[in-house]
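J.: Generate a structure from the sequence data that follows.
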Amino acid sequence: MDLGLTGLVLILVSGLLWGATDAIIKTLTPPQLKHNKGGLAGIAADFFALLCCPGYIVCQALNQLGSVLYYYTLSIAPISIVSPAVNTTKIVFNLIVGRLFCGEMLTGRKLAGIILLTTGVILQIYPRD
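T.: Here you go, the predicted model:
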């Protein structure tokens, strides 16, 4: 089973949707949720507050679209390539979006991790013959 251009695009889009929405959800979380009240009443209040936040709902929908694309990609390409590739692109996009929208710092250690992950995925995808 060959990855092909379609599989590669689906991997990148899945990783983008998962990584970007994970980082953006942090900035869209209503302020009252950042101070957990605890208990069942606090959990219920947090849940309803999230349902009233349109940005959060949109991010969740886009994140789920990434999941659908991921599962479709698994049907057309090997899991040994798809899973590590999507998860690596998710981390890369998460760091980029986190830097742009959340002010997260891209340290040398994070950069080294990205390089190692990307190198591993490239070695996994690259034809062995």
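J.: Next up, the contacts around Leu106.
T.: Residues counted as contacts of Leu106 (CB atoms under 8 Å, 6 or more residues apart in numbering) are 95, 99. All C-beta spots, glycine's among them, are computed from the backbone N, C-alpha and C.
J.: what kind of secondary structure is it in?
T.: Look at Leu106: counting by DSSP: H, G, I helix; E, B strand; the rest coil, its state is coil.
J.: just the one 4 residues further on next, same as before
T.: Lys110 falls in the helix class when you classify it by three-state DSSP.
J.: before we move on, what about Thr89?
T.: Thr89 falls in the helix class when you classify it by three-state DSSP.
J.: how much space between it and Lys26?
T.: Distance of Thr89 to Lys26, computed by CB to CB, to the nearest Å: 19 Å.
J.: Now Leu69: which helix or strand?
T.: Under DSSP states H and E, the secondary-structure element containing Leu69 is helix 54-76.
J.: which residues touch that helix?
T.: Helix 54-76 is touched from outside by 1, 4, 6-7, 10-11, 13-18, 20-22, 24-25, 28-30, 50-51, 82-83, 86, with contacts defined as CB under 8 Å, 6+ apart.
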